[in-house]
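K.L.:
Got a sequence here, can you model it:
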Amino acid sequence: MKEFSVYNLEFPVYLNELNIGGYKFKRVTNYATSFASLQHTIEVIGSEYPIKPNTGSHQRTATVEIPEEECNCILPWIDKSQFTKLQDVLLFLSLFTGRNVFALKPKEEGLPLRPDPRQHYWGGQFRLSAYCVPRWKNRNTEIIFSDEQIKGIPVFDFYRIDFGLERTINEIIETISSPKWQDKYDNGYFIFTFRQAMREYDIEPAFLLCWTVWEHLFCLHNKKWLDEQTINQTSGDNKISFILYKYFSTGIDQFARKNIKRLVKARNRLTHFGQSTDDIDMEEMKMFIRITEQIMALVLELQPSNALNSLDSLQEFLGDKA
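P.N.:
Residues are numbered from 1 along each chain as shown. Model (predicted):
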(Lines give C-alpha, C1' and ligand atoms only; values in the text may rest on other atoms or scores of the structure.)
Protein backbone atom coordinates (compact mmCIF):
# COMPACT_ATOMS: atom_id res chain seq x y z
CA MET A 1 0.00 0.00 0.00
CA LYS A 2 1.31 3.44 -0.93
CA GLU A 3 1.86 6.03 1.78
CA PHE A 4 2.22 9.79 1.32
CA SER A 5 3.46 12.44 3.72
CA VAL A 6 0.82 14.91 4.94
CA TYR A 7 1.69 18.42 6.04
CA ASN A 8 -0.02 20.77 8.51
CA LEU A 9 -2.80 18.37 9.56
CA GLU A 10 -3.79 19.15 13.14
CA PHE A 11 -5.51 16.13 14.67
CA PRO A 12 -8.30 16.41 17.24
CA VAL A 13 -6.78 16.08 20.71
CA TYR A 14 -5.80 12.53 21.74
CA LEU A 15 -6.96 11.16 18.38
CA ASN A 16 -4.19 9.35 16.51
CA GLU A 17 -6.00 8.33 13.34
CA LEU A 18 -8.61 9.72 10.98
CA ASN A 19 -10.44 7.52 8.46
CA ILE A 20 -11.94 9.74 5.79
CA GLY A 21 -13.14 8.84 2.32
CA GLY A 22 -11.25 5.54 2.29
CA TYR A 23 -7.98 7.16 3.38
CA LYS A 24 -6.32 6.52 6.74
CA PHE A 25 -4.41 9.44 8.23
CA LYS A 26 -1.98 8.65 11.06
CA ARG A 27 0.05 10.90 13.29
CA VAL A 28 3.80 10.77 12.75
CA THR A 29 5.89 9.54 15.68
CA ASN A 30 7.22 13.04 16.40
CA TYR A 31 3.77 14.63 16.13
CA ALA A 32 4.15 16.62 19.37
CA THR A 33 7.28 18.35 18.06
CA SER A 34 5.83 18.91 14.60
CA PHE A 35 2.58 20.26 16.01
CA ALA A 36 4.44 22.70 18.25
CA SER A 37 6.39 23.92 15.21
CA LEU A 38 3.25 24.90 13.26
CA GLN A 39 2.14 28.51 13.44
CA HIS A 40 0.25 29.28 16.66
CA THR A 41 -1.00 32.79 17.38
CA ILE A 42 -2.16 32.33 20.97
CA GLU A 43 -0.99 30.45 24.05
CA VAL A 44 -3.05 27.45 25.13
CA ILE A 45 -2.61 25.45 28.31
CA GLY A 46 -4.49 22.43 29.59
CA SER A 47 -4.85 20.78 26.17
CA GLU A 48 -3.05 17.66 24.94
CA TYR A 49 0.10 19.67 24.34
CA PRO A 50 0.94 23.14 25.65
CA ILE A 51 0.88 25.69 22.86
CA LYS A 52 3.13 28.72 22.70
CA PRO A 53 2.74 31.54 20.16
CA ASN A 54 5.01 30.67 17.27
CA THR A 55 5.67 32.03 13.77
CA GLY A 56 5.84 28.43 12.60
CA SER A 57 6.38 26.75 9.25
CA HIS A 58 5.14 23.79 7.22
CA GLN A 59 5.40 20.58 9.23
CA ARG A 60 5.03 16.91 8.34
CA THR A 61 2.43 15.87 10.91
CA ALA A 62 0.88 12.76 9.37
CA THR A 63 1.02 10.02 6.79
CA VAL A 64 -1.89 8.86 4.66
CA GLU A 65 -2.40 5.34 3.38
CA ILE A 66 -3.52 5.27 -0.25
CA PRO A 67 -5.95 2.47 -1.17
CA GLU A 68 -5.04 0.19 -4.07
CA GLU A 69 -7.93 1.49 -6.15
CA GLU A 70 -8.61 5.18 -5.71
CA CYS A 71 -11.80 6.93 -6.72
CA ASN A 72 -11.73 9.92 -9.04
CA CYS A 73 -11.96 13.38 -7.50
CA ILE A 74 -15.45 14.77 -6.95
CA LEU A 75 -14.87 18.52 -7.18
CA PRO A 76 -14.00 20.11 -10.55
CA TRP A 77 -10.22 20.34 -10.24
CA ILE A 78 -8.47 21.78 -13.29
CA ASP A 79 -7.01 18.47 -14.42
CA LYS A 80 -9.31 15.79 -13.07
CA SER A 81 -7.14 13.08 -14.60
CA GLN A 82 -4.35 14.04 -12.20
CA PHE A 83 -6.45 14.22 -9.03
CA THR A 84 -8.21 11.64 -6.90
CA LYS A 85 -10.69 11.87 -4.04
CA LEU A 86 -7.70 12.50 -1.75
CA GLN A 87 -7.61 16.09 -3.04
CA ASP A 88 -11.25 16.59 -2.04
CA VAL A 89 -10.55 15.19 1.43
CA LEU A 90 -7.49 17.43 1.86
CA LEU A 91 -9.52 20.49 0.82
CA PHE A 92 -12.13 19.87 3.52
CA LEU A 93 -9.44 19.06 6.08
CA SER A 94 -8.01 22.49 5.30
CA LEU A 95 -11.38 24.20 5.74
CA PHE A 96 -12.17 22.43 9.01
CA THR A 97 -8.72 22.75 10.61
CA GLY A 98 -7.93 26.25 9.40
CA ARG A 99 -4.57 25.25 7.90
CA ASN A 100 -3.36 24.45 4.39
CA VAL A 101 -3.28 20.66 4.53
CA PHE A 102 -1.56 18.92 1.63
CA ALA A 103 0.09 15.60 0.79
CA LEU A 104 3.36 14.92 -1.00
CA LYS A 105 4.35 11.80 -2.88
CA PRO A 106 7.84 10.45 -2.06
CA LYS A 107 9.30 11.92 -5.28
CA GLU A 108 7.91 15.36 -4.36
CA GLU A 109 9.66 15.53 -0.99
CA GLY A 110 12.28 18.26 -0.91
CA LEU A 111 10.70 20.39 -3.62
CA PRO A 112 9.85 24.03 -2.82
CA LEU A 113 6.48 24.34 -1.08
CA ARG A 114 3.96 26.86 -2.42
CA PRO A 115 1.05 26.75 0.10
CA ASP A 116 0.90 29.39 2.84
CA PRO A 117 1.98 27.85 6.19
CA ARG A 118 -0.06 30.32 8.24
CA GLN A 119 -3.34 29.56 9.97
CA HIS A 120 -6.43 30.81 8.12
CA TYR A 121 -7.75 34.11 9.40
CA TRP A 122 -11.40 33.40 8.55
CA GLY A 123 -13.50 30.25 8.77
CA GLY A 124 -14.11 30.02 12.49
CA GLN A 125 -17.88 30.24 12.07
CA PHE A 126 -17.79 27.55 9.37
CA ARG A 127 -15.60 25.21 11.44
CA LEU A 128 -18.09 25.37 14.30
CA SER A 129 -20.65 23.68 12.04
CA ALA A 130 -18.73 20.39 12.34
CA TYR A 131 -20.37 17.61 14.31
CA CYS A 132 -19.35 16.87 17.87
CA VAL A 133 -19.01 13.10 18.41
CA PRO A 134 -17.52 12.66 21.89
CA ARG A 135 -15.83 9.45 22.96
CA TRP A 136 -13.65 8.50 25.93
CA LYS A 137 -10.21 6.85 25.68
CA ASN A 138 -8.75 5.00 28.65
CA ARG A 139 -5.35 6.49 29.51
CA ASN A 140 -3.81 3.07 30.16
CA THR A 141 -5.49 0.65 27.75
CA GLU A 142 -6.43 3.20 25.02
CA ILE A 143 -9.79 1.42 24.70
CA ILE A 144 -12.46 3.82 23.47
CA PHE A 145 -15.87 4.09 25.16
CA SER A 146 -19.08 5.92 24.25
CA ASP A 147 -20.92 8.31 26.56
CA GLU A 148 -23.34 5.53 27.43
CA GLN A 149 -20.57 3.10 28.32
CA ILE A 150 -18.83 5.64 30.55
CA LYS A 151 -21.87 6.36 32.71
CA GLY A 152 -21.17 5.65 36.35
CA ILE A 153 -17.41 5.27 35.80
CA PRO A 154 -14.99 7.89 37.19
CA VAL A 155 -13.54 9.80 34.25
CA PHE A 156 -10.16 10.55 35.84
CA ASP A 157 -8.52 7.72 33.85
CA PHE A 158 -10.02 8.80 30.51
CA TYR A 159 -9.29 11.32 27.79
CA ARG A 160 -12.20 12.96 26.02
CA ILE A 161 -11.79 12.72 22.24
CA ASP A 162 -13.99 13.91 19.41
CA PHE A 163 -14.68 11.98 16.21
CA GLY A 164 -16.71 14.88 14.81
CA LEU A 165 -14.16 15.94 12.20
CA GLU A 166 -14.06 12.43 10.74
CA ARG A 167 -17.85 12.12 10.61
CA THR A 168 -18.33 15.63 9.21
CA ILE A 169 -16.01 15.26 6.24
CA ASN A 170 -17.19 11.71 5.48
CA GLU A 171 -20.77 12.96 5.30
CA ILE A 172 -19.76 15.92 3.13
CA ILE A 173 -17.94 13.62 0.71
CA GLU A 174 -21.09 11.49 0.49
CA THR A 175 -23.28 14.57 0.04
CA ILE A 176 -21.29 16.20 -2.76
CA SER A 177 -20.97 12.83 -4.53
CA SER A 178 -24.73 12.49 -4.94
CA PRO A 179 -26.18 13.23 -8.42
CA LYS A 180 -28.81 15.46 -6.78
CA TRP A 181 -26.18 17.73 -5.16
CA GLN A 182 -23.99 17.70 -8.27
CA ASP A 183 -26.92 18.82 -10.41
CA LYS A 184 -28.09 21.47 -7.95
CA TYR A 185 -24.66 23.01 -7.40
CA ASP A 186 -23.04 22.29 -10.77
CA ASN A 187 -20.13 20.28 -9.28
CA GLY A 188 -19.42 22.88 -6.59
CA TYR A 189 -16.74 25.06 -8.15
CA PHE A 190 -17.65 27.89 -5.76
CA ILE A 191 -16.14 25.81 -2.92
CA PHE A 192 -12.72 26.71 -4.33
CA THR A 193 -13.64 30.40 -4.16
CA PHE A 194 -14.81 29.99 -0.58
CA ARG A 195 -11.58 28.22 0.33
CA GLN A 196 -9.57 31.15 -1.05
CA ALA A 197 -11.72 33.66 0.85
CA MET A 198 -11.00 31.89 4.15
CA ARG A 199 -7.25 32.10 3.45
CA GLU A 200 -7.24 35.87 3.01
CA TYR A 201 -5.82 38.00 5.81
CA ASP A 202 -7.11 41.38 4.67
CA ILE A 203 -10.84 41.90 5.03
CA GLU A 204 -11.38 43.56 1.63
CA PRO A 205 -10.33 40.62 -0.60
CA ALA A 206 -12.13 38.17 1.70
CA PHE A 207 -15.28 40.28 1.41
CA LEU A 208 -15.04 40.41 -2.41
CA LEU A 209 -14.42 36.67 -2.72
CA CYS A 210 -17.42 35.94 -0.50
CA TRP A 211 -19.47 38.22 -2.74
CA THR A 212 -18.39 36.06 -5.68
CA VAL A 213 -19.69 33.00 -3.83
CA TRP A 214 -23.10 34.70 -3.46
CA GLU A 215 -23.10 35.64 -7.17
CA HIS A 216 -22.28 32.08 -8.11
CA LEU A 217 -25.06 30.67 -5.92
CA PHE A 218 -27.57 33.14 -7.38
CA CYS A 219 -26.65 31.92 -10.86
CA LEU A 220 -26.92 28.24 -9.90
CA HIS A 221 -30.37 28.69 -8.36
CA ASN A 222 -31.74 30.66 -11.31
CA LYS A 223 -30.00 29.43 -14.45
CA LYS A 224 -32.84 27.08 -15.38
CA TRP A 225 -35.26 29.96 -16.01
CA LEU A 226 -33.04 33.03 -16.46
CA ASP A 227 -30.63 33.44 -19.36
CA GLU A 228 -27.04 34.59 -18.89
CA GLN A 229 -27.76 38.19 -19.91
CA THR A 230 -30.62 38.50 -17.42
CA ILE A 231 -28.47 37.06 -14.62
CA ASN A 232 -25.68 39.51 -15.44
CA GLN A 233 -28.08 42.45 -15.48
CA THR A 234 -29.84 41.57 -12.22
CA SER A 235 -28.95 44.20 -9.63
CA GLY A 236 -26.67 43.34 -6.75
CA ASP A 237 -29.29 44.14 -4.12
CA ASN A 238 -31.75 41.75 -5.78
CA LYS A 239 -29.14 38.99 -5.83
CA ILE A 240 -28.29 39.51 -2.15
CA SER A 241 -31.97 39.63 -1.22
CA PHE A 242 -32.61 36.39 -3.10
CA ILE A 243 -29.79 34.51 -1.31
CA LEU A 244 -30.90 35.79 2.09
CA TYR A 245 -34.44 34.57 1.46
CA LYS A 246 -33.25 31.30 -0.07
CA TYR A 247 -31.06 30.29 2.87
CA PHE A 248 -32.53 32.17 5.83
CA SER A 249 -36.16 32.87 4.78
CA THR A 250 -35.43 36.52 5.42
CA GLY A 251 -38.04 39.02 4.26
CA ILE A 252 -36.71 42.28 2.80
CA ASP A 253 -38.52 45.52 3.59
CA GLN A 254 -37.55 49.08 2.60
CA PHE A 255 -35.17 49.50 5.56
CA ALA A 256 -33.40 46.22 4.76
CA ARG A 257 -33.24 47.11 1.06
CA LYS A 258 -31.57 50.42 1.88
CA ASN A 259 -28.86 48.71 3.91
CA ILE A 260 -28.33 46.02 1.29
CA LYS A 261 -27.80 48.78 -1.28
CA ARG A 262 -25.14 50.26 1.01
CA LEU A 263 -23.44 46.87 0.93
CA VAL A 264 -23.66 46.77 -2.87
CA LYS A 265 -22.22 50.27 -3.15
CA ALA A 266 -19.29 49.31 -0.94
CA ARG A 267 -18.64 46.21 -3.03
CA ASN A 268 -18.75 48.20 -6.28
CA ARG A 269 -16.38 50.83 -4.94
CA LEU A 270 -13.90 48.19 -3.80
CA THR A 271 -14.11 46.43 -7.16
CA HIS A 272 -13.75 49.49 -9.37
CA PHE A 273 -11.65 51.88 -7.29
CA GLY A 274 -9.83 49.60 -4.84
CA GLN A 275 -10.75 51.74 -1.86
CA SER A 276 -12.82 51.14 1.23
CA THR A 277 -15.94 53.19 1.66
CA ASP A 278 -17.75 55.05 4.39
CA ASP A 279 -21.02 53.40 3.32
CA ILE A 280 -20.34 50.35 5.50
CA ASP A 281 -17.95 49.69 8.37
CA MET A 282 -15.60 46.81 8.99
CA GLU A 283 -18.05 45.06 11.31
CA GLU A 284 -20.65 44.92 8.54
CA MET A 285 -18.10 43.52 6.12
CA LYS A 286 -17.11 40.96 8.75
CA MET A 287 -20.78 40.05 9.21
CA PHE A 288 -21.11 39.41 5.47
CA ILE A 289 -18.10 37.05 5.53
CA ARG A 290 -19.46 35.18 8.56
CA ILE A 291 -22.89 34.81 6.95
CA THR A 292 -21.14 33.37 3.89
CA GLU A 293 -19.58 30.76 6.18
CA GLN A 294 -23.03 29.84 7.48
CA ILE A 295 -24.41 29.61 3.93
CA MET A 296 -21.60 27.23 3.01
CA ALA A 297 -22.49 25.03 5.96
CA LEU A 298 -26.07 24.91 4.68
CA VAL A 299 -24.90 24.14 1.14
CA LEU A 300 -22.94 21.17 2.50
CA GLU A 301 -26.04 20.07 4.46
CA LEU A 302 -24.59 20.82 7.89
CA GLN A 303 -26.23 22.67 10.76
CA PRO A 304 -24.60 26.13 10.80
CA SER A 305 -23.40 27.41 14.12
CA ASN A 306 -24.27 30.93 15.30
CA ALA A 307 -21.71 30.95 18.09
CA LEU A 308 -20.18 34.15 16.69
CA ASN A 309 -23.60 35.86 16.57
CA SER A 310 -23.54 36.43 12.83
CA LEU A 311 -27.29 35.95 12.44
CA ASP A 312 -27.94 38.46 15.21
CA SER A 313 -25.74 40.98 13.40
CA LEU A 314 -27.60 40.24 10.16
CA GLN A 315 -30.99 40.79 11.78
CA GLU A 316 -29.80 44.11 13.17
CA PHE A 317 -28.41 45.05 9.76
CA LEU A 318 -31.74 44.27 8.09
CA GLY A 319 -33.75 46.03 10.79
CA ASP A 320 -35.31 42.90 12.26
CA LYS A 321 -35.40 43.57 16.01
CA ALA A 322 -37.33 40.43 16.88
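
K.L.:
Which residue ranges of the stretch 1-150 of the chain form helices?
P.N.:
31-36, 85-97, 124-127, 147-150 (DSSP state H, counting those that start in this stretch).

K.L.:
Of all those helices, which one comes closest to residue 181?
P.N.:
helix 85-97 (12.9 Å; Cβ to Cβ). Any C-beta I mention is one placed from the backbone N, CA and C, and that applies to glycine too.

K.L.:
what's that closest one in contact with?
P.N.:
By Cβ atoms under 8 Å, 6 or more residues apart in numbering, the residues outside helix 85-97 that reach it are 6, 8-10, 20-23, 64, 66, 70-75, 77, 100-103, 120, 123, 126-127, 130, 165, 168-169, 172-173, 176, 191, 194-195, 198.

K.L.:
try 7 Å this time
P.N.:
9-10, 20-21, 23, 70-75, 77, 100-103, 123, 126-127, 130, 165, 168-169, 172-173, 195, 198 (Cβ atoms under 7 Å, 6 or more residues apart in numbering).

K.L.:
Please apply the same query to stretch 210-226.
P.N.:
The contact list for stretch 210-226, computed with Cβ under 7 Å, 6+ apart, reads 185-186, 190, 193-194, 197, 231, 239-240, 242-243, 246, 267, 288-289, 292.

K.L.:
on that earlier part again, now, of the helices of the stretch 1-150 of the chain, which is deepest in the fold?
P.N.:
The highest average neighbour count among the helices of the stretch 1-150 of the chain, using mean count of other Cβ atoms under 10 Å, belongs to helix 85-97 at a mean of 22.

K.L.:
how distant is it from the center of its chain?
P.N.:
9 Å (Cα atoms, centre = their mean, to the nearest Å).

K.L.:
same check, this time on stretch 107-117
P.N.:
Centroid separation between stretch 107-117 and its chain, computed with Cα atoms, centre = their mean, is 22 Å.

K.L.:
what does it rub up against?
P.N.:
If you take Cβ under 7 Å, 6+ apart as the criterion, stretch 107-117 is touched by 5, 8, 39, 56, 57, 58, 100, 102, 199.

K.L.:
Over to stretch 170-180?
P.N.:
20, 21, 74, 88, 89, 92, 181, 188, 300, 301.

K.L.:
I'd like to know which of those residues are buried.
P.N.:
Among those, those classed as buried by 16 or more other Cβ atoms under 10 Å are 20, 21, 74, 88, 89, 92, 181, 188, 300.

K.L.:
picking up where we left off before, now distance to residue 271 and mean pLDDT too, for the helices of the stretch 1-150 of the chain, in CSV please.
P.N.:
Listed next are the helices of the stretch 1-150 of the chain as CSV, based on distance: least, Cβ to Cβ, whole Å; pLDDT from 0 to 100:
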stretch, distance to residue 271, mean pLDDT
helix 31-36, 40, 95
helix 85-97, 25, 97
helix 124-127, 24, 96
helix 147-150, 50, 86
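
K.L.:
how about those in TSV, adding distance to residue 308?
P.N.:
Shown next, in TSV, are those (distance: least, Cβ to Cβ, whole Å):
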stretch	distance to residue 308
helix 31-36	25
helix 85-97	16
helix 124-127	5
helix 147-150	27
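
K.L.:
what's the closest of these to residue 261?
P.N.:
With distances scored as Cβ to Cβ, the stretch of those nearest to residue 261 is helix 124-127 (24.8 Å).

K.L.:
In terms of secondary structure, what does that closest one contact?
P.N.:
The helices and strands touching helix 124-127, judged by 3 or more Cβ pairs under 7 Å, 6 or more residues apart in numbering; DSSP states H and E, are helix 282-299.

K.L.:
helices or strands next to the helix it packs on in the packing?
P.N.:
Judged by 3+ Cβ pairs under 7 Å, 6+ apart, helix 282-299 is in contact with helix 124-127, helix 203-222, helix 310-318.

K.L.:
Distance to residue 253 for the ones you listed - can I get that in TSV?
P.N.:
Output for those, formatted as TSV (distance: least, Cβ to Cβ, whole Å):
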stretch	distance to residue 253
helix 124-127	26
helix 203-222	20
helix 310-318	8
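
K.L.:
In terms of mean pLDDT, which of those ranks lowest?
P.N.:
Within the helices and strands packed on helix 282-299, confidence is poorest for helix 310-318, with a mean of 91 (mean pLDDT).

K.L.:
Name the residues that touch that one?
P.N.:
By Cβ under 7 Å, 6+ apart, helix 310-318 touches 125, 250, 256, 259, 284, 287, 290, 291, 294.
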